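**Student:** how would this look folded up:
(one chain, ligands or ions: 1)
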Amino acid sequence: MTLDTSSSRSLGPLEPVGPLAFGHWRFVGHDLATATELVETALDLGMNLIDTADVYGLDWGGDGFGDAESLLGSVLAASPSLRDRMVLATKGGIMPPIPYDSSARYLTAALDASLSRLRVDRVDLYQIHRPDMFTHPEELAATLSRFVEQGKIGAVGVSNFTPAQTEALISYLGDTVVATQPQFSVSHLSPLRDGTLDQAMRLDLRPLAWSALGGGSLATGHGVRTELMLELDALAARESVDRTAIALAFVLAHPSRPVAIVGSQKPERLRSATAALDVSLTRDDLYTLIEASEGEPLP
Ligand code: NAP
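**Tutor:** Numbering: from 1, shown residues only. Okay, the predicted model is just below:
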């Protein structure tokens, strides 16, 4: 038996997206030609979900808040036709050093600032980056509903929310919420058991797995259990791919049909990531990887 990983994923009322997405956390410091090449490469490969955030730019050598969105905005201004080829996702709600703010007043200004940096009238998916425990979900739902009514966003996603926090928002906002973005990889397995992926299947939310390669550690092995690297390498040899393709295939194999967000800023690595789509992992392979990741046999 093999598990299907390759076909596109629905995202509520938005255009379907490919199983791999291009993440923009590290999309900073590129010149316009390099940035454009990266976006075009991703789109050509079927990575049509582009995942950025207003806060991206504070890390990885950027000057600061908004830099990744601004760079993507420059790409879109120079090559406007790229906008039609992508499902554009951004996030708001983190404002260092507060750190989280999902009040109506804050998010209203944050979304307008994102649209202005991205040089677009609308983003397809607007995600609340981290839960603000001091905003009532009813207030958040009202704010996000207004954004949809104004045509500024197409749908809503949550990120780093507990299932209970997601449920609370959905109780006010309904099926406008179409995605949940947890950290999920073969070295970060908590969504398998904390209810995130179960809730996604029950409520038809698309899981968007962040740091699907463990932030690069599943490529390099740094900080990753040796048994896991050995299993990834054994499966990579069997499938004639590299270990990152096996790590991505693990994420894609879950029945909630996640999208794996790939964060590489090298066109050749975006290309090689697509090898994951041809990998067939069996149930035995998947449980072997879980045991190797956790360092103990399953009961
Ligand atoms: P990732 O794909 O797990 O890691 C990307 C890193 O791995 C890059 O630094 C890349 O370096 C490196 N890498 C990839 N292949 C490699 C290889 N074969 N050898 C050595 N290094 C390799 O993704 P991520 O950037 O951590 O996260 C992906 C996306 O998830 C982000 O862009 C963002 O969209 C999203 N995210 C969301 C949250 C959230 O809170 N919602 C948090 C973090 C990330 P190169 O660029 O040199 O290839």
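
**Student:** quick one: A209 and G263 touch, right?
**Tutor:** No - using C-beta atoms under 8 Å as the test, A209 is too far from G263 to be in contact (11.0 Å). C-betas here are computed from N, CA, C, even on glycine.

**Student:** Looking at the two now, which is surrounded by more residues?
**Tutor:** Using other C-beta atoms under 10 Å as the criterion, A209 and G263 rank with A209 on top: 27 against 21.

**Student:** what's the closest non-adjacent residue to that one?
**Tutor:** Leaving aside its sequence neighbours, A209 sits nearest to F184 (C-beta to C-beta, 6 or more residues apart in numbering; 3.9 Å).

**Student:** Over to E69?
**Tutor:** The nearest residue in space to E69 (C-beta to C-beta, 6+ apart) is R117, at 4.0 Å.

**Student:** Kindly report the same for D194.
**Tutor:** Once flanking residues are discounted, D194 sits nearest to P163: 7.1 Å by C-beta to C-beta, 6+ apart.

**Student:** Around the ligand, pick out the residues from the chain.
**Tutor:** 23-26, 51, 129, 159-160, 181, 210-216, 219-220, 244, 261-266, 269 (C-beta under 6 Å from any ligand atom).

**Student:** Distance from the host helix or strand of R146 to the middle of the chain?
**Tutor:** Using DSSP states H and E, R146 maps to helix 137-149. Helix 137-149 sits 22 Å away from the centroid of its parent chain (C-alpha atoms, centre = their mean, to the nearest Å).

**Student:** Also stretch 150-157?
**Tutor:** The answer for stretch 150-157 is 17 Å, by C-alpha atoms, centre = their mean.

**Student:** Would you mind listing the outside residues contacting it?
**Tutor:** The list of residues contacting stretch 150-157 from outside it, by C-beta atoms under 8 Å, 6 or more residues apart in numbering, reads 11-14, 89, 91, 111-112, 115, 121-128, 144, 147-148, 173, 176-181, 208.

**Student:** Buried only: go through these for me.
**Tutor:** Buried by 16 or more other C-beta atoms under 10 Å: 11-12, 14, 89, 91, 111, 115, 123-128, 144, 147, 173, 176-181, 208, out of the contacts of stretch 150-157.

**Student:** re earlier: mind listing which of the residues of the chain next to the ligand are in helices?
**Tutor:** 219-220, 244, 269 (DSSP state H).

**Student:** ok, now how distant is the nearest residue to L43 once chain neighbours are set aside from S7?
**Tutor:** Once flanking residues are discounted, L43 sits nearest to R85: 4.8 Å by C-beta to C-beta, 6+ apart. R85 sits 19 Å away from S7, taking C-beta to C-beta, to the nearest Å as the criterion.

**Student:** Looking at these two, which is more packed in?
**Tutor:** Shown here are R85 and S7; by other C-beta under 10 Å, R85 has more neighbours (15 against 10).

**Student:** residues near L20, how many?
**Tutor:** 27.

**Student:** returning to that earlier point: what about the residues of the chain next to the ligand, which are in strands?
**Tutor:** Judged by DSSP state E, strands contain the following of the residues of the chain next to the ligand: 23, 51, 159, 181, 261-262.

**Student:** how about those residues in a markdown table, adding distance to S74 and pLDDT?
**Tutor:** Formatted as a markdown table, these follow (distance: C-beta to C-beta, whole Å; pLDDT from 0 to 100):
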| residue | distance to S74 | pLDDT |
| --- | --- | --- |
| G23 | 18 | 98 |
| D51 | 18 | 99 |
| S159 | 25 | 98 |
| Q181 | 25 | 98 |
| I261 | 22 | 98 |
| V262 | 22 | 98 |
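
**Student:** what two of the residues you listed have the greatest distance between them?
**Tutor:** S159 and V262 (16.5 Å; C-beta to C-beta).

**Student:** So L38 versus A168, what's the distance?
**Tutor:** Distance of L38 to A168, computed by C-beta to C-beta: 37 Å.

**Student:** Now do the same contact list for the closest residue to L140 other than its chain neighbours.
**Tutor:** Of all residues not flanking L140 in the chain, S102 sits nearest, at 5.1 Å (C-beta to C-beta, 6+ apart). Applying C-beta under 8 Å, 6+ apart to S102 gives the contacts 93, 128, 131-132, 135, 139-140, 143.

**Student:** Write the ChimeraX selection for whichever of those are buried.
**Tutor:** In ChimeraX, a selection of the buried entries from those looks like this (16+ other C-beta under 10 Å):
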select :93,128,131,132,135,140,143
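
**Student:** Tabulate the contacts of S102 (CSV), appending pLDDT.
**Tutor:** What follows is those, written out as CSV (pLDDT from 0 to 100):
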residue, pLDDT
G93, 98
I128, 98
P131, 98
D132, 98
T135, 98
E139, 98
L140, 98
T143, 98
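
**Student:** Done for today, thanks.
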